[in-house]
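Colleague: Pasting the sequence and the predicted model now:
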Amino acid sequence: MNESTKTPWHLWAVGILTLLWNGIGIFSYMVTHLGKLESLGMTAADIAYFDSFPAWANALWAMGVWGAFFGSLLLLFRSRWAVTSLIISVIGLIGSTYFQRVIIEIPEHFDSIGLSLAIWVITLFMLWYAHKMKGEGVLK
């Protein structure tokens, strides 16, 4: 893609919509790690569940949400680094999914297969899309 070619309209749509979606993930991550779960109406048992996460699980969660968030921003900036950021996000998602589905028992009221599937579908779509835009020369 040469400099005079416009950015495709769909890049703006994907970038903005996924930035908003990933902002929800950042909010969730930050509220949990800043000790503000009571403000969301969580019980002591709910808070204990999140507090029980080992450092490696929290690191993978951070990789997932921050990688996706910065991936969206980098898409909007038309940076080829969006692909790398989204690969980091997928690695974090794999690790945090493994932790939640295999190692720890998720409280029933937090276990939403629909939400989990949405996170996977959107994250994998973002990686595919960024890779496609990089291949087409949109991302530099």
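Modeller: Cool, the structure landed.
Colleague: Could you give the backbone dihedrals for Phe110?
Modeller: Taking degrees, to the nearest 10, you get phi -100, psi -10 for the backbone angles of Phe110.
Colleague: correct me, but it touches Ala45?
Modeller: No: at 10.9 Å, Phe110 does not count as touching Ala45 under the criterion of C-beta atoms under 8 Å. In this view, the C-beta of every residue, glycine as well, is placed from N, C-alpha and C.
Colleague: These two: who's more crowded?
Modeller: Phe110 (12 against 8; other C-beta atoms under 10 Å).
Colleague: where's the more buried one relative to Ala13, distance?
Modeller: Separation of Phe110 from Ala13 (C-beta to C-beta, to the nearest Å): 31 Å.
Colleague: in the longest helix along the chain, what counts as buried?
Modeller: Secondary structure of the chain per DSSP state H: the longest helix is helix 9-33. By neighbour count with 16 or more other C-beta atoms under 10 Å, helix 9-33 contains the buried residues 11, 14-15, 18-19, 21-22, 25-26, 29, 32.
Colleague: And for stretch 115-131?
Modeller: 119, 122-123, 126-127, 129-130.
Colleague: Contacts for that stretch next, please.
Modeller: Here stretch 115-131 makes contact (C-beta atoms under 8 Å, 6 or more residues apart in numbering) with 14, 18, 21, 25, 64, 68, 71-72, 74-75, 82-83, 86-87, 89-90, 93, 97, 139.
Colleague: Export that stretch to PDB, keeping only CA atoms.
Modeller: The C-alpha coordinates for stretch 115-131 follow below in PDB (Å, rounded to 0.1, in the frame of the first residue of the first chain):
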ATOM      1  CA  LEU A 115     -18.300 -14.700  27.400                       C
ATOM      2  CA  SER A 116     -15.300 -17.100  27.200                       C
ATOM      3  CA  LEU A 117     -16.200 -17.900  23.600                       C
ATOM      4  CA  ALA A 118     -16.700 -14.300  22.700                       C
ATOM      5  CA  ILE A 119     -13.200 -13.400  24.100                       C
ATOM      6  CA  TRP A 120     -11.600 -16.200  22.100                       C
ATOM      7  CA  VAL A 121     -13.500 -15.400  18.900                       C
ATOM      8  CA  ILE A 122     -12.700 -11.700  19.100                       C
ATOM      9  CA  THR A 123      -9.100 -12.100  20.000                       C
ATOM     10  CA  LEU A 124      -8.400 -14.700  17.300                       C
ATOM     11  CA  PHE A 125     -10.300 -12.500  14.800                       C
ATOM     12  CA  MET A 126      -8.200  -9.500  15.800                       C
ATOM     13  CA  LEU A 127      -5.000 -11.500  15.200                       C
ATOM     14  CA  TRP A 128      -6.200 -12.800  11.800                       C
ATOM     15  CA  TYR A 129      -7.300  -9.300  10.800                       C
ATOM     16  CA  ALA A 130      -4.000  -7.600  11.900                       C
ATOM     17  CA  HIS A 131      -2.000 -10.300  10.000                       C
END
